[in-house]
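[1] pasting the structure only:
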């Protein structure tokens with residue numbers, strides 16, 4: 001009697017099984033690619049935001065540094081704001097030997113047509129270190145022209161400017177006497193001995209109020225107060 005023969009299916013996969021497996025792998029690969037792409041985009045946005053935040057913070061720190069270095073020259077106002085551009089004279093940063101190299105003119109302004117930018121920008125301008133009265137006067141004039149967006153009639157290749165952040169609006173207030181006032185106001189200047197800005201002296205404090213443009217790392221209304229370092233306690 002012959003033993004019964006058992007028929008086994010041939011080895012391997014059918015075409016349909018292979019197509020199903022390939023389709024599943026393609027879906028998994030697509031899902032993995034989307035996940036990786038999302039992670040890369042998130043990291044890029046986070047890095048961009050962090051860089052913008054550091055730049056904004058550095059701008060505010062530079063603001064304080066400039067005010068801390070204010071220098072009376074006897075020639076110009078140490079601090080002057082005309083409603084559009086803030087100009088100041090400050091001690092130039094020390095050289096490699098740690099020695100001050102003169103006086104700088106610095107200007108801060110909101111420029112509506114900043115080069116290479118979309119929308120108004122908060123910007124800072126500075127001259128080179130100066131040691132001559134004539135050079136100081138010319139730099140002071142160039143700072144005013146730059147801050148108003150006018151052509152500079154006496155350009156100096158050593159002058160530099162930097163774009164800091166998009167800015168919707170900014171305001172300045174001086175602390176004179178017992179109150180915060182507009183820099184162009186005479187309020188608070190009546191008391192004898194009060195520090196004022198109109199004659200070149202430095203106010204007791206400066207309040208900066210900025211409103212960054214939408215999409216900036218910093219948002220909302222930002223207030224930064226500066227107090228004159230030489231101001232005595234209790235005043």
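    Looks like it arrived, so ask away. Remember, it's a predicted structure, so these values are computed and weren't measured experimentally. Residues are numbered from 1 along each chain as shown.

[2] Could you give the average pLDDT over stretch 120-134?
    Regarding stretch 120-134, the rounded mean pLDDT is 94.

[3] Just the buried residues of that stretch, please?
    Neighbour counts over stretch 120-134 (16 or more other Cβ atoms under 10 Å) mark 120, 121, 122, 123, 124, 125, 126, 127, 128, 129, 130 as buried. In short, each C-beta sits where N, CA and C put it, glycine included.

[4] so what does whichever strand or helix holds residue 65 touch, helix or strand wise?
    Residue 65 belongs to helix 15-68 when assigned by DSSP states H and E. For helix 15-68, the elements it packs on are strand 85-91, strand 103-111, strand 121-126, strand 160-176, strand 205-212, strand 222-227, judged by 3 or more Cβ pairs under 8 Å, 6 or more residues apart in numbering; DSSP states H and E.

[5] contacts for the first one?
    Contact partners of strand 85-91, identified using Cβ atoms under 8 Å, 6 or more residues apart in numbering, comprise 66-67, 69-73, 76-81, 100, 103-109, 136, 140, 143-144, 146-148, 172.

[6] tilt between it and strand 103-111?
    Using axes from the mean of the first three to the mean of the last three Cα atoms, to 10 degrees, the interaxial angle of strand 85-91 with respect to strand 103-111 works out to 160 degrees.

[7] quick one: strand 85-91 to chain centroid distance?
    A distance of 17 Å separates the centroid of the chain from that of strand 85-91, by Cα atoms, centre = their mean, to the nearest Å.

[8] try the longest one
    When C-alpha coordinates are averaged (Cα atoms, centre = their mean), strand 160-176 and its chain have centres 9 Å apart.

[9] mind listing what's buried in that strand?
    Buried residues in strand 160-176, counted by 16+ other Cβ under 10 Å: 161, 163, 164, 165, 166, 167, 170, 172, 173, 174, 175, 176.

[10] Report the contact partners of the first one.
    Taking Cβ under 8 Å, 6+ apart as the definition of contact, the neighbours of residue 161 are 123, 124, 125, 126, 146.

[11] beta partners of the second one?
    This points to residue 124. residue 108, residue 162 (DSSP bridges).

[12] residue contacts, it?
    Under the criterion of Cβ under 8 Å, 6+ apart, the contact partners of residue 124 comprise 59, 62, 106, 107, 108, 161, 162, 164.

[13] now do the fourth one
    Under the criterion of Cβ under 8 Å, 6+ apart, the neighbours of residue 126 are 104, 105, 106, 107, 159, 160, 161.

[14] Where does the closest residue in space to the fourth one that isn't next to it in sequence sit: helix, strand or coil?
    To tie it back to what came earlier, the one meant is residue 107. Nearest non-adjacent residue to residue 107, counting by Cβ to Cβ, 6 or more residues apart in numbering: residue 143, 3.8 Å away. When classified by DSSP: H, G, I helix; E, B strand; the rest coil, residue 143 comes out as helix.

[15] So what's the residue count around residue 143?
    When neighbours are counted by other Cβ atoms under 10 Å, residue 143 registers 27.

[16] That one and residue 105 touch, don't they?
    Yes: taking Cβ atoms under 8 Å as the definition, residue 143 is a contact partner of residue 105 at 5.2 Å.

[17] Find residues that contact each of the two.
    Residues touching both residue 143 and residue 105 comprise 87, 127, with contact defined as Cβ under 8 Å, 6+ apart.
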